[in-house]
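*Asks:* sequence and predicted structure, then a few things I'm wondering about:
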Amino acid sequence: MNTGLAGRVALVAASSAGLGRAVAEGLAAEGAHLALCSRHADRIEATAREIRERFPIHVKAGAVNVTDPAAVEGFVAAVLSEFSRLDICVTNAGGPPSKTFATTTLDDWRQAIELNLLSHVIFAKQALPVMQRAGWGRFLMISSVSVKQPIEGLVLSNTARGAVPGLTRTLASEYGPYGVTVNNVCPGYTRTERLDELAKVQALGQGITPEAAMRRWSEQTALRRLAEPREFADAVVFLASERASYITGQNLVVDGGFYKGSL
């Protein structure tokens, strides 16, 4: 299947590891040039170097705090200066700490909302006008299956990310007339460093091993296994492609059948 991504320019946030990196590699395999950012300069430079060695594309990398509007604005400006275009923007951020409501503070709530809601807004403010002027674009947000089905012990993530579907549908309506699609991709339990951390927290709280926590999550899916990052990335790559030109305003769950609801 020809994805039409060769020569496109894609910005992928929080892409030094985990889902962000898998998405970057998936786009690179289709010939898209990349602008990669994360908080850690050394890690994102190493990721960019490794991707350059594997794929014949141009890769730009920068250290960016996704909750800092000035930093995001500066990075997007640098991308436009270097590539003269921005076709695809994949927004992403790490999750807040695992807590119950009783153990959270107001600062926890502020930080979670900045990280898992406002970071998408900050990138949208910079990227969507560029795509609007070009008459083509793909704006993709990475959130969580918790927007459909809250996850125990993740009250901060459940709530902050729970607003992303509304943002997705609103932006899709506002920018659809300009040839820009907006979608939210919701991963389930996927083998990443973040999942390892959550397994340790849950194991400690429930008196089980991290391996047992992983098995429990696997058993809650229809496929009875955890996802690999590349499987999630394939869904994002498809939505970024020409083949997904009539899909917008959607909240696509990539969870192996963990979510059991009808909508």
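*Replies:* The structure has been received and is ready for your questions.

*Asks:* need the helices for the stretch 101-250 of the chain, in chain order.
*Replies:* In the stretch 101-250 of the chain, the helices defined using DSSP state H, counting those that start in this stretch lie at 106-113, 119-134, 155-161, 164-175, 193-206, 210-219, 229-240.

*Asks:* just name the most buried of those.
*Replies:* Mean neighbour count (mean count of other Cβ atoms under 10 Å) peaks for helix 155-161 among the helices of the stretch 101-250 of the chain, with a mean of 24. For the C-beta atoms, the positions are set from N, CA and C on the backbone; glycine is no exception.

*Asks:* from the chain's centre, how far out does that one sit?
*Replies:* In this view, helix 155-161 has its centroid 15 Å away from the chain centroid, taken as Cα atoms, centre = their mean, to the nearest Å.

*Asks:* one more: stretch 44-62?
*Replies:* Its chain's C-alpha centre lies 19 Å from the corresponding centre of stretch 44-62 when counted by Cα atoms, centre = their mean.

*Asks:* which of the residues in that stretch are buried?
*Replies:* Of the residues in stretch 44-62, Ile44, Glu45, Thr47, Ala48, Ile51, Phe55, Ile57, Val59, Lys60, Ala61, Gly62 count as buried by neighbour count, 16 or more other Cβ atoms under 10 Å.

*Asks:* just checking: what are the partner strands of whatever helix or strand the last one lives in?
*Replies:* According to DSSP states H and E, Gly62 maps onto strand 59-63. The sheet places strand 59-63 alongside strand 33-38 (parallel), with pairing taken from DSSP bridges.

*Asks:* centre-most residue in the protein?
*Replies:* By Cα atoms, centre = their mean, the chain has its centre lying nearest to Ile142, at 2.8 Å.

*Asks:* surely that one meets Gly94?
*Replies:* No. At 10.6 Å, Ile142 does not count as touching Gly94 under the criterion of Cβ atoms under 8 Å.

*Asks:* where's Leu36 relative to Glu45, distance?
*Replies:* Going from Leu36 to Glu45 by Cβ to Cβ, to the nearest Å gives 9 Å.

*Asks:* give me the common contacts of these two.
*Replies:* Common contact partners of Leu36 and Glu45 (Cβ atoms under 8 Å, 6 or more residues apart in numbering): Ala61.

*Asks:* tell me the spacing between Leu154 and Glu82.
*Replies:* Leu154 sits 37 Å away from Glu82, taking Cβ to Cβ as the criterion.

*Asks:* what's the answer for Val130, then?
*Replies:* Separation of Val130 from Glu82 (Cβ to Cβ): 13 Å.

*Asks:* ok, Asp196 next?
*Replies:* Distance, Asp196 to Glu82, using Cβ to Cβ: 35 Å.

*Asks:* could you do Ala93 as well?
*Replies:* For Ala93, the distance to Glu82 (Cβ to Cβ) stands at 23 Å.

*Asks:* neighbour count for those two, which is higher?
*Replies:* When Ala93 and Glu82 are compared for neighbours, Ala93 comes out ahead with 26 against 13, by other Cβ atoms under 10 Å.

*Asks:* from Leu252, how far off is Arg230?
*Replies:* According to Cβ to Cβ, Arg230 and Leu252 sit 16 Å apart.

*Asks:* what packs against the least confident helix or strand in the chain by mean pLDDT?
*Replies:* Lowest by mean pLDDT, DSSP states H and E among the helices and strands of the chain is helix 193-206, with a mean of 82. If contacts are counted by 3 or more Cβ pairs under 8 Å, 6 or more residues apart in numbering; DSSP states H and E, helix 193-206 sits against helix 210-219.

*Asks:* correct me if wrong: Ile236 contacts Met141.
*Replies:* If you look again at residue 236, you'll see it is Val, not Ile. No. Val236 is beyond contact range of Met141, at 10.1 Å (criterion: Cβ under 8 Å).
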